[in-house]
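Asker: Predicted model and sequence follow; I will ask about them next.
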Amino acid sequence: MEENNNENEQQINENHEQTETLTKVTGMYKEWFLDYASYVILERAVPAIEDGFKPVQRRIMHSMKDLDDGRYNKVANIVGHTMQYHPHGDASIGDAMVQMGQKELLIDMQGNWGNILTGDSAAAPRYIEARLSKFALDVVFNPKTTEWQLSYDGRKNEPVNLPVKFPLLLAQGAEGIAVGLSTKILPHNFNELIDASIKHLQGKSFSLFPDFVTGGIADISNYNEGKRGGRVRIRAKIDVLDKKTLIITELPFGTTTSTLIDSVLKANDKGKIKIKKIEDNTAANVEILVHLPPNVSPDKTIDALYAFTSCETSISPLCCIIEDNKPIFIGVSEVLKRSTDHTVGLLKQELEIQLHELEEQWHFSSLERIFIENRIYHDIEEEETWEGVIKAIDDGLQPHIKHLKRLITEEDIVRLTEIRIKKISKFDIDKAKQFIESLEEKIAEVKHHLNNLITYAIDYFKELKTKYGKGKERKTKLVTFDDIVATKVVMRNEKLYVNRKEGFIGTSLKKDEFVCDCADIDDIIIFKDNGSMLVTKVDSKVFVGKGIIYVAVFKKGDKRTIYNMIYKDGASNISYMKRFSVTGITRDREYLLGNNNEKSKVLYLTANPNGEAETVTILLRAVGNIKKLKWDLSFADLAIKGRGVRGNQVTKYAIKKVEFKEEGVSTLKPRKIWFDDTVQRLNVDERGEMLGEFKANDKILIATQAGKIKAVSPDLAMHFDDDTILIEKWQPNKPISAVYFDGEKERYFVKRFLIETTDKEELFISNHPKSKLQIIATDYRPMAEVIFFKRSLNNITINFEEFISIKGIKALGNQLTTEKIREINLLDPLPYEDVEKENVDDTANNQSVLDVNEDKENKKQELLKKAIQKKKGNTNDDDQIKLF
């Protein structure tokens with residue numbers, strides 16, 4: 001029995017081995033994956049250049065046109081109708097439709113469609129409604145120029161591409177991830193696209209830059225035509241509401257109020273920035289209030305928000321589109337050119353179709369007139385067959401058809417037989433002639449458009465701009481961003497400590513000596529008594545070596561912090577002094593400053609943030625026959641050199657002690673500051689207009705169109721209001737002249753004043769909503785011309801110096817006129833001579849006269865002395881004596 005079972009199992013295994021085959025999947029994978037990738041690229045993720053739509057978007061638009069009756073349709077109904085053409089779920093169709101609607105171009109929405117500012121999602125499709133916008137009806141559809149194909153199940157016809165006569169792809173933008181590639185086309189401004197299309201048709205050059213629905217500020221210097229490798233930086237619009245409050249009114253593209261607020265709170269928790277609280281008052285417009293704690297700079301906080309939060313984002317565009325069923329990578333200018341040329345082609349097709357229809361209409365109207373006017377219908381009364389009727393009408397028309405533009409067909413004759421008796425009985429020959437003449441005028445017009453197709457296309461784009469361009473002005477402001485150095489704007493959220501005995505520094509040594517506040521991204525510079533220097537990253541606890549004499553936060557590239565040092569050379573025991581700056585180093589590398597000898601010792605070291613040069617007293621040890629044991633030295637006598645130089649010799653004897661005697665002044669040149677109008681920032685890199693050379697106590701004068709003015713210390717991190725009209729170096733004794741309109745009194749006033757309080761913004765015009773600054777001048781003796789609205793009034797010239805004396809900043813001023821002023825123009829100022837300089841020159845002249853008189857008196861006394869000596873016989877007789 002067991003033997004039989006074994007035989008059966010063996011036979012089954014043999015049969016199984018005979019039926020088993022080996023199938024290779026390598027080829028299948030290659031072919032199937034390629035098919036899948038092609039499907040995703042062509043049918044889902046990447047838009048076509050012809051109409052700017054992805055397949056799902058095109059099917060949504062076609063379905064909406066099918067359902068269009070001028071009224072709103074439930075979105076759920078539209079989604080269901082679209083599923084006849086789109087072989088995917090309703091969720092993908094609904095999401096795509098909401099995204100199209102939020103771009104506010106093709107779909108007229110009703111209900112809660114979500115909010116792109118807050119990130120709130122739309123209501124369910126059964127609760128919201130939509131219909132095609134007037135723009136979509138005018139631009140997107142034309143069945144006569146549409147190429148059709150069967151839908152996925154063969155039951156319906158759907159468009160291959162919609163005949164869009166507008167660069168819709170660039171207006172809406174697009175984003176999609178396919179297999180092996182992706183696309184990200186940024187949206188552009190509606191009116192600018194039309195202007196660019198017109199320029200292309202005119203053969204002119206043009207430039208295109210993104211414009212976002214959320215507004216914001218964008219740096220497009222590296223846009224690179226939207227091609228691979230480009231980058232667009234976008235910032236939120238942040239203004240200073242007051243000293244303790246910032247307001248965010250516009251968002252970066254792709255950011256919502258929720259994500260932005262979350263990023264601000266995270267940065268605050270990490271100590272990158274310091275805020276008191278944040279409020280979201282966003283409704284129709286963005287309004288986020290950032291409240292600051294006391295003693296926190298608003299300007300520095302704005303830079304920190306850009307550096308550490310979503311207030312600044314970066315987008316890398318990648319313009320990939322489908323053309324001839326293939327993905328291609330081109331720039332946005334090329335996309336616009338191809339789209340515009342495609343629009344011209346569609347307009348030509350429409351004109352040719354219209355011309356053909358008009359000519360056919362003219363042809364039949366002419367036949368109809370001949371048929372009725374010549375009573376040819378009587379010729380068919382005796383005919384008994386259909387062929388006879390056709391032949392009778394054809395024979396009757398022949399004498400009258402010489403002016404027709406084409407031959408008569410049987411179809412034309414059949415249409416004549418279908419004319420009703422009622423129409424024949426009421427036929428008006430004059431009206432028929434007028435109708436045919438109107439058709440001839442239309443035909444001539446269409447032919448003219450065809451012969452001047454480019455002009456026609458330009459007029460078409462201009463009409464689009466006139467009809468739909470209102471309210472579509474640019475929302476994103478284009479500027480060039482100034483790079484923000486994170487270490488300069490980060491909040492000092494940590495405290496740095498040092499253990500000099502053990503040689504440790506760090507933020508966790510809270511029982512040891514406090515050094516300063518720092519940030520967790522700062523570098524720390526350390527000097528030790530052996531003349532070595534080290535820069536290391538801040539950490540909780542770092543061993544840097546014993547003998548620490550100086551610890552501080554290191555500022556890379558800082559040329560104004562000067563170190564004054566006296567040290568003893570370990571090789572020769574000679575003491576040297578030197579001044580140097582530390583700008584660039586390698587982190588965690590030890591540098592020897594004491595003539596590269598480890599036995600050297602630092603006797604004196606100070607760090608001076610503005611290059612000050614103090615005076616010190618040198619005390620020597622009383623050894624041997626040294627006579628001078630004490631003297632003073634000034635670091636101002638030394639030039640600032642590199643950190644590796646040996647320095648100037650102080651003494652070869654042993655120094656007992658170096659004592660600080662008195663503070664010195666800065667030996668650095670005044671810092672030259674420029675204002676770059678492009679980025680609205682101050683800089684020291686010679687970009688923009690030079691404001692002047694600034695010493696430590698110098699101020700910068702800033703005035704705005706709103707009538708506010710202040711004199712503040714220049715800071716490279718300063719932000720300026722958009723309505724800033726005056727930026728210059730402040731001279732305390734130089735009067736400021738202004739003409740303004742007082743909204744309460746409804747009159748013009750002139751005033752001159754001086755800034756009495758610095759570092760404080762003050763209003764120098766009346767505090768009324770209708771008050772308005774006309775002009776402001778900072779010349780010593782300004783002149784202005786006033787032009788009135790009334791032509792009967794002559795222009796007047798104002799000499800501010802004679803018109804009004806210098807008064808307080810809050811003074812109303814002197815009334816200029818009650819008449820309405822058209823404009824006020826500043827004229828060349830009167831010459832001004834500095835009284836103080838004149839006094840100095842007069843003093844110098846008087847002193848030189850005194851010096852001459854003194855010389856004459858001395859010479860006179862000397863000659864008298866010689867004369868007396870001659871009488872005594874102490875001089876030669878040949879000496880001549882001249883008295884003065």
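Answerer: Received, thanks.

Asker: The nearest residue in space to Ile454 that is not next to it in sequence and Lys465, how far apart?
Answerer: The shortest distance from Ile454 to any residue other than its chain neighbours is 5.3 Å, reached at Leu201 (C-beta to C-beta, 6 or more residues apart in numbering). Backbone N, C-alpha and C define where each C-beta goes, glycine included. When C-beta to C-beta, to the nearest Å is the yardstick, Leu201 and Lys465 sit 14 Å from each other.

Asker: who touches the residue most central in space within the chain in this structure?
Answerer: Against the mean C-alpha coordinate of the chain, by C-alpha atoms, centre = their mean, the closest residue is Ala218 at 2.3 Å. Listed by C-beta atoms under 8 Å, 6 or more residues apart in numbering, the contact partners of Ala218 are Phe209, Pro210, Phe212, Val232, Arg233, Ile234, Arg235, Thr476, Lys477, Leu478, Val479.

Asker: Identify those among those that sit within strands.
Answerer: Counting by DSSP state E, the part of these found in strands is Val232, Arg233, Ile234, Arg235, Lys477, Leu478.

Asker: How about the contacts made by the closest residue to the third one other than its chain neighbours?
Answerer: Read it as Ile234. Among residues not flanking Ile234 along the chain, Pro252 sits closest, at 4.0 Å (C-beta to C-beta, 6+ apart). Shown here is Pro252, whose contacts under the criterion C-beta under 8 Å, 6+ apart are Phe212, Thr214, Gly216, Ile234, Arg235, Ala236, Leu260, Ser310, Cys311, Glu312, Thr313.

Asker: can you do 6 Å?
Answerer: Gly216, Ile234, Ala236, Thr313 (C-beta atoms under 6 Å, 6 or more residues apart in numbering).

Asker: tell me, how many neighbours does the nearest residue to the third one once chain neighbours are set aside end up with?
Answerer: Sequence neighbours aside, Cys311 is the residue nearest to Ala236 in space, at 4.3 Å (criterion: C-beta to C-beta, 6+ apart). Per other C-beta atoms under 10 Å, the neighbour tally for Cys311 reads 27.

Asker: Where do the helices of the stretch 201-350 of the chain begin and end?
Answerer: Applying DSSP state H, counting those that start in this stretch to the stretch 201-350 of the chain gives helices spanning 257-269, 298-308, 332-373.

Asker: closest to Leu701 out of those?
Answerer: helix 298-308 (16.9 Å; C-beta to C-beta).

Asker: which parts of stretch 193-209 are buried?
Answerer: If you call a residue buried by 16 or more other C-beta atoms under 10 Å, then stretch 193-209 has these buried ones: Leu193, Ile194, Asp195, Ala196, Ser197, Ile198, Lys199, His200, Leu201, Phe206, Leu208, Phe209.

Asker: now swap in stretch 640-656 and tell me
Answerer: For stretch 640-656, the neighbour count (16+ other C-beta under 10 Å) marks Ile640, Arg643, Gly647, Val650, Thr651, Tyr653, Ile655 as buried.

Asker: how about the residues you listed, which pair is most distant?
Answerer: Distances among the buried residues of stretch 640-656 were taken as C-beta to C-beta; the most separated pair is Ile640 and Tyr653, at 26.6 Å.

Asker: how about CSV for the helices of the stretch 201-350 of the chain, with mean neighbour count and distance to Val489 added?
Answerer: Compiled in CSV, those are given as follows (neighbours: other C-beta atoms under 10 Å; distance: least, C-beta to C-beta, whole Å):
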stretch, mean neighbour count, distance to Val489
helix 257-269, 18, 11
helix 298-308, 22, 4
helix 332-373, 18, 34
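
Asker: Can I get those helices in JSON lines including mean pLDDT and distance to Val623?
Answerer: Putting the helices of the stretch 201-350 of the chain into JSON lines (pLDDT from 0 to 100; distance: least, C-beta to C-beta, whole Å) gives the following:
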{"stretch": "helix 257-269", "mean pLDDT": "92", "distance to Val623": "61"}
{"stretch": "helix 298-308", "mean pLDDT": "88", "distance to Val623": "54"}
{"stretch": "helix 332-373", "mean pLDDT": "90", "distance to Val623": "82"}
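
Asker: Of all those helices, which one is nearest Ala174?
Answerer: That would be, of those and by C-beta to C-beta, helix 332-373, which comes in at 10.6 Å.

Asker: Helix or strand next in line after that closest one, which one?
Answerer: Toward the C-terminal end, the helix or strand that comes next after helix 332-373 (DSSP states H and E) is helix 386-397.

Asker: Distance from that next one to the middle of the chain?
Answerer: 76 Å (C-alpha atoms, centre = their mean, to the nearest Å).

Asker: One more: stretch 453-462?
Answerer: In terms of C-alpha atoms, centre = their mean, the centre of stretch 453-462 is set 33 Å apart from its chain centre.

Asker: neighbouring contacts of that stretch?
Answerer: If you take C-beta under 6 Å, 6+ apart as the criterion, stretch 453-462 is touched by Ile194, Ser197, Ile198, Leu201, Val344, Leu347, Lys348, His449.

Asker: Any figure for the gap between the last one and Ile505?
Answerer: Spelled out, it's His449. As judged by C-beta to C-beta, His449 and Ile505 stand 81 Å apart.

Asker: Ok, the second one next?
Answerer: Note on Ser197: its distance to Ile505, by C-beta to C-beta, is 64 Å.

Asker: thinking again about what came up before, overlap in contacts, Leu201 and Lys465.
Answerer: Contact criterion C-beta under 6 Å, 6+ apart; no residue bridges Leu201 and Lys465 by contacting each.

Asker: Quick one: residues contacting Ala307.
Answerer: Applying C-beta under 6 Å, 6+ apart, one finds that Ala307 lies in contact with Ile484, Ala486, Val489.

Asker: Quick check on the last one: phi, psi?
Answerer: Main-chain dihedrals, Val489, degrees, to the nearest 10: phi -110, psi -10.

Asker: Need the pLDDT of it.
Answerer: The predicted local confidence for Val489 comes out at a pLDDT of 72.

Asker: got a list of what it touches?
Answerer: Going by C-beta under 6 Å, 6+ apart, Val489 touches Lys300, Asp303, Ala304, Ala307.

Asker: Strands of the stretch 751-884 of the chain, residue ranges please.
Answerer: Using DSSP state E, counting those that start in this stretch, the strands of the stretch 751-884 of the chain run over residues 762-763, 772-777, 783-788, 796-799, 814-817, 821-827.

Asker: I'd like those as JSON lines, with mean pLDDT appended.
Answerer: Listed next are those as JSON lines, based on pLDDT from 0 to 100:
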{"stretch": "strand 762-763", "mean pLDDT": "92"}
{"stretch": "strand 772-777", "mean pLDDT": "92"}
{"stretch": "strand 783-788", "mean pLDDT": "91"}
{"stretch": "strand 796-799", "mean pLDDT": "90"}
{"stretch": "strand 814-817", "mean pLDDT": "89"}
{"stretch": "strand 821-827", "mean pLDDT": "89"}
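
Asker: and of those strands, who's closest to Asn530?
Answerer: When the strands of the stretch 751-884 of the chain are ranked by proximity to Asn530, the top entry is strand 762-763, at 54.4 Å, counting by C-beta to C-beta.

Asker: Give the residue spans of the protein that score low on pLDDT.
Answerer: Scanning the chain for pLDDT under 70 picks out the ranges 1-36, 39, 487, 595-597, 834-884.

Asker: which residues in the stretch 751-884 of the chain form helices?
Answerer: Assigned helices in the stretch 751-884 of the chain, in chain order: 800-803, 835-871 (criterion: DSSP H, counting those that start in this stretch).

Asker: For the shortest one, which residues meet the burial criterion?
Answerer: So that's helix 800-803. Taking 16+ other C-beta under 10 Å as the neighbour-count basis, helix 800-803 is seen to contain the buried residues Phe800, Glu801, Phe803.

Asker: Not counting its neighbours along the chain, what's nearest the last one?
Answerer: Spelled out, it's Phe803. Val750 (5.6 Å).

Asker: for that neighbour, which residues make a bridge with it?
Answerer: In this structure, Val750 bridges to Val739, Asn814 when assessed by DSSP bridges.

Asker: How about Ile443: what's its closest non-neighbour residue?
Answerer: According to C-beta to C-beta, 6+ apart, the nearest residue to Ile443 is Leu358 (4.9 Å).
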